[in-house]
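here's my sequence, what's the structure:
(chains A and B)
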Amino acid sequence: AQTVTQSQPEMSVQEAETVTLSCTYDTSESDYYLFWYKQPPSRQMILVIRQEAYKQQNATENRFSVNFQKAAKSFSLKISDSQLGDAAMYFCAYRDRSNTGKLIFGQGTTLQVKP
Amino acid sequence: EADIYQTPRYLVIGTGKKITLECSQTMGHDKMYWYQQDPGMELHLIHYSYGVNSTEKGDLSSESTVSRIRTEHFPLTLESARPSHTSQYLCASMRGGEVEAFFGQGTRLTVV
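The predicted model follows:
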């Protein structure tokens, strides 16, 4: 069975600085999707960035980028120039390529941004 | 924000009551999901649906039931609420063949 592990329950970063959130996963599949979702307090969970396993190039979305290490089964999220609005819980998630579309989530990392 | 809505946002209810959590989406997505999220914990899939009249149990066993009579609507029902059902319930939807899931704001349920 696939598993996703986030070993950092809480992280903090100074505004304008860079922070990296860690995620490891386990799967026997060779092709799959990985995601980082952001869940602000009392608001909808939204997709931050996604990576397709067959793509070697790391995904980037503005200030958010990932370091995808397929052999090591590692998928970290880097947030550059952190802003107060980045404060939220961040979930790493895995999805295989089956038709179900179901997501397997890590435990989440609460990110605090200090002014 | 995505067009997926959950009601109520917060619910406090007594043990033994029957409750229905509503989830609606206006995007025409055929796939819908219910995830359960305990405080400070990861989300676990409890139900999903491929489309109208399709429902499947997820990875986490749940005493709740779901129905999918209309594409846009995926309600979750607890026939007899218990304190162990206290949790946050998140609804999500996805268009078939696509990758991104869209989430509602969640229903925080407290059973006393």
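
for the rest of this, base every contact and every neighbour count on C-alpha atoms.
Fine.

so which bits of chain B are right by chain A?
B:1, B:33, B:40-45, B:50, B:94, B:96-97, B:99-106 (C-alpha under 8 Å from any C-alpha of the partner chain).

among the residues you listed, name the buried ones.
Among the residues of chain B next to chain A, those classed as buried by 16 or more other C-alpha atoms under 10 Å in any protein chain shown are B:33, B:42-45, B:50, B:94, B:100-106.

farthest pair in those residues?
B:Glu42 and B:Tyr50 (23.2 Å; C-alpha to C-alpha).

just checking, B:Ser61 touches B:Ile46?
Yes - assessed by C-alpha atoms under 8 Å, B:Ser61 is found in contact with B:Ile46 at 6.4 Å.

more crowded one of the two?
Each of B:Ser61 and B:Ile46 has its neighbours counted (other C-alpha atoms under 10 Å in any protein chain shown); B:Ile46 has more, 21 against 11.

ok, and the closest non-adjacent residue to the more buried one?
Of all residues not flanking B:Ile46 in the chain, B:Gly58 sits nearest, at 4.2 Å (C-alpha to C-alpha, 6 or more residues apart in numbering or on different chains).

quick one: neighbours of that neighbour, just the number.
There are 17 residues near B:Gly58, going by other C-alpha under 10 Å.

then A:Lys55?
11.

mind checking which of the buried ones among the residues of chain B next to chain A land in helices?
Taking DSSP state H, every one of these sits outside helices.

same list (the residues you listed) but as TSV, adding pLDDT.
Below are these laid out as TSV (pLDDT from 0 to 100):
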residue	pLDDT
B:Tyr33	97
B:Glu42	81
B:Leu43	91
B:His44	94
B:Leu45	95
B:Tyr50	94
B:Met94	95
B:Glu100	91
B:Ala101	94
B:Phe102	95
B:Phe103	95
B:Gly104	95
B:Gln105	93
B:Gly106	94
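
for residue 23, give me its contacts.
Picking chain A for this. A:Val4, A:Thr5, A:Gln6, A:Ser7, A:Ser74, A:Phe75, A:Ser76, A:Cys92, A:Gly106 (C-alpha atoms under 8 Å, 6 or more residues apart in numbering or on different chains).

wrong chain, I was asking about chain B
Residues near B:Cys23 by C-alpha under 8 Å, 6+ apart: B:Ile4, B:Tyr5, B:Gln6, B:Thr7, B:His73, B:Phe74, B:Pro75, B:Leu76, B:Cys91, B:Gly104.

make it 7 Å
Contact analysis of B:Cys23 by C-alpha atoms under 7 Å, 6 or more residues apart in numbering or on different chains lists B:Tyr5, B:Gln6, B:Thr7, B:His73, B:Phe74, B:Pro75, B:Cys91.

and for A:Val48?
By C-alpha under 7 Å, 6+ apart, A:Val48 lies in contact with A:Trp36, A:Tyr37, A:Lys38.

at 10 Å instead, please
With contact taken as C-alpha atoms under 10 Å, 6 or more residues apart in numbering or on different chains, A:Val48 is in contact with A:Phe35, A:Trp36, A:Tyr37, A:Lys38, A:Gln39, A:Thr60, A:Glu61, A:Phe64, A:Ser65, A:Leu77, A:Tyr90, A:Phe91.
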